[in-house]
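Undergrad: Can you look at this prediction? I've put the sequence above it.
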Amino acid sequence: MCQLVGYIGDRPIAPFILKALELQEAYLGAHATGMGVIDPKGKIQVQKASGPVVSVKKSTSIMKLKGNVGIGHSRYSLIAREDPRCDIDSMCHPFTNDACDIAMMHNGDIANFKEHWDRLKTNHKFKGYNPAVDWITDSEVAVHMIDEEVKKGADFDEALRTVMPKLTGQVLLCLITESEPDTIWLANRWQPCYLGIGKDETMWVSSKVGLEPVKDELKKIYSPPKNSLIKLTRGKADVQVLDPNYKVADLKLNKRILKEGILSILGVSDLDFHRLWYSLDKTHWSKAYGVDQEEWKALRRDYGVSIVNPLIETLDELIEAGKIERSIDYRREGCTAKTPRFLFSLV
């Protein structure tokens, strides 16, 4: 899981997007930071490198990016966390197509990316390929698949509707393109997503905390439905059904059960967000959603059900109630010696 941002408007785009990423990265992110913008000449510019926001500001020219439309990505990768060879700059988001006129970022994991890579690599350049491990980032297949559909004559909404059903796993795709320089496209089955609509500006983030600096200036903040195709333009979000054949599971969260699980787990040990998430996955998530463990595994595997934001929001409620507290812990992960992580503990 990663943390993402998209913005259309007149605020200074680099510091604005990076601040929104920095607010989110200690949940799940900070292995790498990247940004793509449509510059004043209508061209896509990308800056990215391994490390959290604070280090990538120093190691790149990311703060010099200018424009009115941009996307930002804070990467979290289980592979990169353990193996620095999978945390190199070229494996960071956003990724571009061969012509560099589309920039795309992804949240989740594409389970069947290998079969797409095997087909695509003969005709496309995978810029994130690392020969040291003979591997790519799973996300990069999607930008070439979308590019192929566009080259066949598809509009971007058609391309996303064609490509998304071919990708298994947990998938949110977000892209900008030189052919529609005033638009951000989002295709999302179940990944974390909040939209913020303001006067002549539009923003989206993975986790609501990314909207914190401007929440009082936005007219509307909401989480769009699952299985959505979203077209963001200035002051507007057009939300449609992405895949009519995709069945959205009707899940209702019992927060009381989830809170009991959080408190019991933290009673044994302080945990960061990721480890708390997986501890709950073994014990309390299925109970909190009223399904058995096998059904829960199937929902996660087959439908890409994500529980990042429900967990964040439940933790926030426990913090406000004085039951738990949150601090920042720094640790070595991948190429980064000081990766920020939210650490949760009982009061």
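TA: Looks like it arrived, so ask away.
Undergrad: so which strand or helix has residue 185?
TA: Mapping residue 185 onto the secondary structure by DSSP states H and E places it in strand 180-188.
Undergrad: oh sorry, the question was meant for residue 231
TA: The secondary structure element spanning residue 231 is strand 228-233 (assigned by DSSP H and E).
Undergrad: Over to residue 70?
TA: Residue 70 belongs to strand 69-75 when assigned by DSSP H and E.
Undergrad: So which other helices or strands are in contact with that strand?
TA: Contacts defined by 3 or more C-beta pairs under 8 Å, 6 or more residues apart in numbering; DSSP states H and E place strand 69-75 against strand 3-8, helix 13-24, strand 32-38, strand 102-110, strand 169-177, strand 180-188. (Each C-beta comes from the backbone N, C-alpha and C, glycine too.)
Undergrad: Any chance of TSV for these, columns mean pLDDT and distance to residue 324?
TA: As requested, these are arranged in TSV below (pLDDT from 0 to 100; distance: least, C-beta to C-beta, whole Å):
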stretch	mean pLDDT	distance to residue 324
strand 3-8	98	21
helix 13-24	98	19
strand 32-38	97	28
strand 102-110	96	26
strand 169-177	95	27
strand 180-188	98	29
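Undergrad: mind listing what the residue nearest the centre of the chain touches?
TA: Most central in the chain under C-alpha atoms, centre = their mean is residue 107, positioned 3.6 Å from the mean C-alpha point. Listed by C-beta atoms under 8 Å, 6 or more residues apart in numbering, the contact set of residue 107 reads 1-4, 170-172, 174, 191-192, 206.
Undergrad: can we see that at 10 Å?
TA: The neighbours of residue 107, taking C-beta atoms under 10 Å, 6 or more residues apart in numbering as the test, are 1-4, 28-29, 73-76, 93, 139, 170-174, 188, 191-193, 206, 306, 308.
Undergrad: And it, how close does it get to residue 228?
TA: Here the distance between residue 107 and residue 228 works out to 14 Å (C-beta to C-beta, to the nearest Å).
Undergrad: what do these two both touch?
TA: Counting by C-beta under 10 Å, 6+ apart, the residues touching both residue 107 and residue 228 are 172, 188, 193.
Undergrad: so which of the residues you listed comes closest to residue 13?
TA: Residue 13 has its nearest neighbour among those in residue 193, at 20.0 Å by C-beta to C-beta.
Undergrad: Number of residues surrounding the closest one?
TA: Applying other C-beta atoms under 10 Å, we find 25 other residues in the vicinity of residue 193.
Undergrad: shouldn't it be in contact with residue 227?
TA: No: shown here, residue 193 and residue 227 do not form a contact pair, counting by C-beta atoms under 10 Å, at 11.5 Å.
Undergrad: mind checking the SS state of residue 216?
TA: At residue 216, secondary structure determined by DSSP: H, G, I helix; E, B strand; the rest coil is helix.
Undergrad: related to what we said a few turns ago, now do the helix or strand just after the strand holding residue 185: which elements does it pack against?
TA: If you walk from strand 180-188 toward the C-terminus, the next helix or strand you reach (DSSP H and E) is strand 194-198. With contacts defined as 3 or more C-beta pairs under 10 Å, 6 or more residues apart in numbering; DSSP states H and E, the packing partners of strand 194-198 are strand 3-8, strand 201-205, strand 220-222, strand 228-233, strand 236-241.
Undergrad: strand partners of strand 194-198, parallel vs antiparallel please.
TA: strand 201-205 (antiparallel), strand 220-222 (antiparallel) (DSSP bridges).
Undergrad: Of the ones you listed, which is nearest residue 265?
TA: Nearest to residue 265 among the strands paired with strand 194-198 is strand 201-205 (26.9 Å), distances taken as C-beta to C-beta.
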